[in-house]
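Q: Sharing a model prediction with you, sequence too.
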Amino acid sequence: MTISTTSRASKLPYLLASLVVLGLVVGGLFRAGVLHLPGHGAQHVALRVAKDNSSVSLGNFQNGFSSIIDPALPAVVNISSTKVVRQPAMQGLFADPFFQQFFGGQPAQPQTEQEHSLGSGVIVNPDGYILTNNHVVAGATDVEVFTQDHRKYKARVVGTDPRTDIAVLKIGASGLPFFTLGDSSKLKVGDMVFAIGDPFGIGETATMGIVSATGRALGGTIEHYENFIQTDAAINPGNSGGALIDLRGHLIGINTAILSRGGGGNEGVGFAIPINMARAIMEQIVAHGKVVRGYLGVTIQNVDPDMAKAFGLSQGGGALIADVSPGGPAAQAGLQRGDIVQQLDGKSINGPNDLSLRIAELAPGSVAHLQVYRNGHSQQINVKLGTYPENGQPAMGGFGGGAALQGVQVQNLTPSLARQLGMPSGSSGVVVTGLDPSSAAANAGVQRGDVIEQVDRKPVHTVQEYQQAVAGKANKPVLLLLSRGGATSFVVIQPQG
């Protein structure tokens with residue numbers, strides 16, 4: 001299956017870029033009337049936020065849903081973006097100087113061409129502020145907005161946040177129709193929703209469905225944040241940046257991605273960024289020009305039942321720290337590899353994505369109060385968060401599974417091998433040099449070139465220590481700490497048979 005953006009390139013076939021968008025849900029306090037986003041003295045924009053989020057009876061819509069859709073249509077716009085793409089110079093045979101004489105003797109030069117794409121956007125302020133997806137305008141040299149009444153505006157990109165795929169645009173207009181923002185945290189599976197956008201560039205289109213899931217994490221590029229609303233309302237290429245609205249006509253999501261077997265159109269599995277997240281991102285972009293996030297400085301992974309048992313827990317859940325960035329906030333607070341974060345500020349952690357999202361919504365310099373399970377006991381560790389670096393290390397990771405150690409060949413990790421494998425100076429362990437593809441270790445995700453640093457939480461420095469550590473464990477689960485490309489991850493190997 002393919003996860004695709006819903007923007008559309010102007011050339012056929014449609015170019016559906018692979019995308020996993022990660023959400024940052026920041027629950028806000030909703031109050032009646034117009035909400036002014038605080039900018040700490042910086043620029044801010046006024047948004048209208050719903051004051052009534054109670055349920056709506058379907059008996060009010062005996063003749064259909066035009067009373068919801070009609071007022072919403074003018075607040076959804078079409079976005080056309082243009083960017084210059086550099087094509088590589090001639091290579092191979094035609095780059096040879098002998099053949100260049102037949103083409104005027106000019107050296108091969110890179111070529112440029114313009115690439116056009118279409119998407120959608122939603123007006124959230126009468127003075128021309130528009131929310132859309134980052135991938136709709138990424139790299140664009142020219143952005144134009146077309147409204148329902150056939151007006152065209154040049155748009156300025158106020159700012160973007162690739163990690164949540166949100167972009168904020170501004171057009172020079174006033175008195176525009178705009179959306180009232182709902183509360184996406186109140187959505188439940190089965191709630192009716194409508195998607196509005198410009199699929200395939202054919203014109204503004206509304207579709208209907210239900211909320212299929214909330215808090216959906218698709219998995220993928222780990223430097224992003226994800227917390228999708230999943231819906232079966234038809235979302236197709238060109239719908240990117242369009243509106244997902246509820247029965248009150250309130251904006252509750254920004255349509256973003258589809259899950260498709262062949263990278264094509266709608267198959268009933270579409271995704272939208274919750275408006276609570278989009279609103280918080282917009283606040284930071286407008287006020288500061290960028291998004292600033294809290295930073296913990298760890299690599300984390302899932303704790304499934306097998307992993308939980310290996311660490312002496314009765315059930316899964318929480319986030320397992322597989323690595324700690326040297327000198328980072330977590331390291332300074334005393335967090336260690338093998339710690340399992342169970343709570344943040346008194347609330348349970350459901351998994352790595354949950355911890356990543358909740359840390360990201362905290363301000364740098366604030367203190368995260370963590371409950372951590374270590375060596376059979378829970379303890380409290382307080383971490384003063386740093387600022388997520390622009391080129392920061394991933395906040396999530398891991399390459400694990402479950403299954404036993406027959407079929408694994410290892411050798412000592414020499415300084416030369418460590419350099420070739422991208423290991424830090426002074427690293428220790430044994431290198432996997434051979435692996436039976438049908439073995440339990442291979443099924444668990446172990447690969448040639450992995451460095452085994454620990455067996456059942458005990459460091460191994462040589463092949464002899466490794467052999468002693470695994471002796472007698474043929475019929476028992478084994479917990480390994482592996483290093484791959486400089487990143488560490490825990491893996492549980494279950495006995496086969």
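A: Noted; the coordinates are in hand.
Q: What mean pLDDT does stretch 450-470 get?
A: For stretch 450-470, mean pLDDT is 86.
Q: quick one: terminal-to-terminal distance for that stretch?
A: End-to-end distance for stretch 450-470, by Cα to Cα, to the nearest Å: 17 Å.
Q: Also stretch 230-244?
A: Using Cα to Cα, the two ends of stretch 230-244 sit 11 Å apart.
Q: what are the ranges of the strands in the stretch 301-450 of the chain?
A: Here the stretch 301-450 of the chain has its strands, by DSSP state E, counting those that start in this stretch, at 319-324, 340-344, 347-348, 367-374, 377-384, 386-387, 408-412, 430-435.
Q: would you turn those into CSV with distance to Thr164 and mean neighbour count?
A: For glycine as for every other residue, the C-beta is placed from the backbone atoms N, C-alpha and C. Listed next are the strands of the stretch 301-450 of the chain as CSV, based on distance: least, Cβ to Cβ, whole Å; neighbours: other Cβ atoms under 10 Å:
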stretch, distance to Thr164, mean neighbour count
strand 319-324, 20, 25
strand 340-344, 20, 21
strand 347-348, 21, 10
strand 367-374, 20, 18
strand 377-384, 23, 14
strand 386-387, 17, 17
strand 408-412, 40, 18
strand 430-435, 37, 18
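Q: Columns mean pLDDT and distance to Met208 on top of the ones you listed, output as a markdown table?
A: Below are those laid out as a markdown table (pLDDT from 0 to 100; distance: least, Cβ to Cβ, whole Å):
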| stretch | mean pLDDT | distance to Met208 |
| --- | --- | --- |
| strand 319-324 | 89 | 37 |
| strand 340-344 | 95 | 37 |
| strand 347-348 | 94 | 34 |
| strand 367-374 | 96 | 41 |
| strand 377-384 | 95 | 45 |
| strand 386-387 | 88 | 42 |
| strand 408-412 | 83 | 53 |
| strand 430-435 | 84 | 51 |
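Q: list the buried ones in the longest helix along the chain?
A: In the chain, taking DSSP state H as the definition, the longest helix is helix 275-288. Buried residues in helix 275-288, defined by neighbour count with 16 or more other Cβ atoms under 10 Å: 275-287.
Q: what do you get for stretch 56-71?
A: Buried residues in stretch 56-71 (16+ other Cβ under 10 Å): 65, 68.
Q: distance between the ends of it?
A: 17 Å.
Q: which residues touch that stretch?
A: Under the contact criterion Cβ atoms under 8 Å, 6 or more residues apart in numbering, stretch 56-71 has outside partners 177, 192, 194, 196, 206, 208, 245-249.
Q: ok so, going back, what's the closest of the strands of the stretch 301-450 of the chain to Val492?
A: strand 319-324 (10.7 Å; Cβ to Cβ).
Q: Please state the offset of the longest helix of the chain from the chain centre?
A: Relative to its parent chain, helix 275-288 has a centroid offset of 16 Å by Cα atoms, centre = their mean, to the nearest Å.
Q: Quick one: mean pLDDT for it?
A: Mean predicted confidence for helix 275-288 is 92.
Q: And it, what does it pack against?
A: strand 129-133, strand 152-161, strand 166-171, strand 251-260 (3 or more Cβ pairs under 8 Å, 6 or more residues apart in numbering; DSSP states H and E).
Q: wait, which of these is closest to Asp345?
A: Of the helices and strands packed on helix 275-288, nearest to Asp345 by Cβ to Cβ is strand 152-161, at 23.8 Å.
Q: Measure how that closest one sits relative to strand 129-133, angle-wise.
A: Using axes from the mean of the first three to the mean of the last three Cα atoms, to 10 degrees, the direction of strand 152-161 lies 60 degrees away from that of strand 129-133.
Q: What residues does the spatially closest residue to Lys186 that is not a sequence neighbour make contact with?
A: Excluding the flanking residues, the one nearest Lys186 by Cβ to Cβ, 6 or more residues apart in numbering is Asn53, at 5.3 Å. If you count contacts by Cβ under 8 Å, 6+ apart, Asn53 has them with 30, 182-183, 186, 248, 250.
Q: Many thanks, we can stop here.
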